[in-house]
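*Asks:* Return a 3D structure for these sequence lines:
(one chain, ligands or ions: 1)
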Amino acid sequence: MAEHFHLNTPLLESVSMSRQTGTAVYLKMENSQPSGSFKIRGIGHMCRQLATQSKGVVCSSGGNAGMAAAYVARKMGVPATIVVPSSSPQMVIQKLREQGAAVQIVGKVWDDANAEALRLAETEGLTYVPPFDHPLLWQGHASVISEVAASLGTSVKPGAVVVSVGGGGLLCGVVQGLKDAGWADVPIVAMETVGADCFNAAVKAGRRVTLDDITSEAKCLGAKTVCQRAFEYSQCSELTIISELVTDQQALRAVETFLDEERVLVEMACGAALAAVYSGVICRLQDEGRLPSPLGPLLMIVCGGSSVNMEQLTYLRNKLRT
Ligand SMILES: COC[C@H](NCc1c(COP(=O)(O)O)cnc(C)c1O)C(=O)O
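*Replies:* A predicted model of the protein is given here:
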């Protein structure tokens, strides 16, 4: 079996983003992973550790963790059942089935689908693979930073890292990767959309809170409660994690601008991170003194995502038209 399932993705410099922020912006292109997003790093690592002798895996997902689990299971030759909420677009369900996975549509949001995945794991004796809340996932996701450290070389250290947050798995992996690289002091800008802001709500409340519903169109950020580890990191004085929100309109505009300027189509969950540059969040944080001026090179984790195509983009443009 392969040593790992993820690719060492390109680290591209964005000239237009660099111009907009006044510092070099490096794009870690996780959209080019075989399963379409960064998820394969953690999910692949976890499946290699837990599922080699398994009857099969069952994964709850907004879509992209499921895509990673379906791909990895197929490569490992084990059956996969993916449980997704009804908010997952039909195209994702189609893609999951093309990967050979069995798909169940349960509930309105990820939390409902997760309850069913846990029940199936119990009753069918399957290996449960969560989308964001497990140490093996974070260990796998940390490879995104070790690759950047290898690419940039020890002489160049990011001024800040931008990630989007759903349940907090990517954030936890990035923190771990930064620590491993000796970059624990690098600030992280944690981006969410209004209506899928469970991390921001927890940071503001000073404890984990559960959102009533997911009202953002960035459904792949749609966990109602952030994982405990991500919240703990937000409270850790040795780390600088800045939680910021953008609107769905700003996330969509970022998706469109990225398509025009970098010729890559990503989903709303990724647009939330890109909007940190395109909607001026980075520059505002510098004006507020929460990020240094001048700022060292900005590392943007382009998380990718499969829940987008021209039809979905057109639907969102009509729905979010202000
Ligand atoms: C409900 O959904 C959680 C998870 N998506 C999470 C996700 C994130 C955020 O990652 P997280 O913070 O959940 O580890 C960012 N960018 C993309 C493209 C994503 O799909 C899933 O697919 O099941």
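*Asks:* give the contact list for Gly62.
*Replies:* Residues counted as contacts of Gly62 (CB atoms under 8 Å, 6 or more residues apart in numbering) are 84-85, 87-88, 110, 131, 166, 219-223, 269, 307. Where you see a C-beta, it was placed from the backbone N, CA and C, and this is true even at glycine.
*Asks:* Now, the residues you listed that are in helices?
*Replies:* Taking DSSP state H, the ones among the contacts of Gly62 that sit in helices are 110, 269.
*Asks:* Which ones, among the contacts of Gly62, also lie beside the ligand?
*Replies:* The overlap between the contacts of Gly62 and the neighbours of the ligand (CB under 6 Å from any ligand atom) comes to 110, 131, 166, 220-223, 269.
*Asks:* Contact residues of this structure facing the ligand?
*Replies:* Applying CB under 6 Å from any ligand atom, we find that the chain lies next to the ligand at 37, 61-65, 110, 131-132, 164-171, 220-223, 267, 269-270, 303-305.
*Asks:* in which helix or strand would I find the residue lying farthest from the centre of the chain?
*Replies:* The outermost residue of the chain, judged by C-alpha distance from the chain's mean C-alpha position using CA atoms, centre = their mean, is Thr123 at 29.6 Å. Using DSSP states H and E, Thr123 maps to helix 110-124.
*Asks:* Can you point out the buried residues in stretch 124-131?
*Replies:* With burial defined by 16 or more other CB atoms under 10 Å, the residues of stretch 124-131 counted as buried are 126-131.
*Asks:* Check what contacts it and list those residues.
*Replies:* Applying CB under 8 Å, 6+ apart, the set of residues contacting stretch 124-131 from outside is 39, 43, 46-47, 50-51, 54-62, 64-66, 69, 81, 110, 114, 117-118, 120-121, 137, 166-167, 169, 223.
*Asks:* Among those, name the buried ones.
*Replies:* Buried members of these, counted by 16+ other CB under 10 Å: 39, 43, 46-47, 51, 54, 56-62, 64-66, 69, 81, 110, 114, 117, 120-121, 137, 166-167, 169, 223.
*Asks:* In helices only, show me the residues you listed.
*Replies:* If you go by DSSP H, the buried ones among the contacts of stretch 124-131 have 39, 43, 46-47, 64-66, 69, 110, 114, 117, 120-121, 137, 169 in helices.
*Asks:* circling back: go ahead and measure how far the helix holding Thr123 is from the middle of the chain.
*Replies:* 21 Å (CA atoms, centre = their mean, to the nearest Å).
*Asks:* in its sheet, what does the very next helix or strand once past that helix sit against?
*Replies:* Using DSSP H and E, the helix or strand that directly follows helix 110-124 along the chain is strand 127-129. Strand 127-129 has these partner strands in its sheet, going by DSSP bridges: strand 57-60 (parallel).
*Asks:* mean confidence for the strand it pairs with?
*Replies:* Strand 57-60 shows a mean pLDDT of 97.
*Asks:* wait, isn't Asp112 in contact with Val106?
*Replies:* Yes - in this structure, Asp112 sits in contact with Val106. The criterion is CB atoms under 8 Å, and the distance is 5.8 Å.
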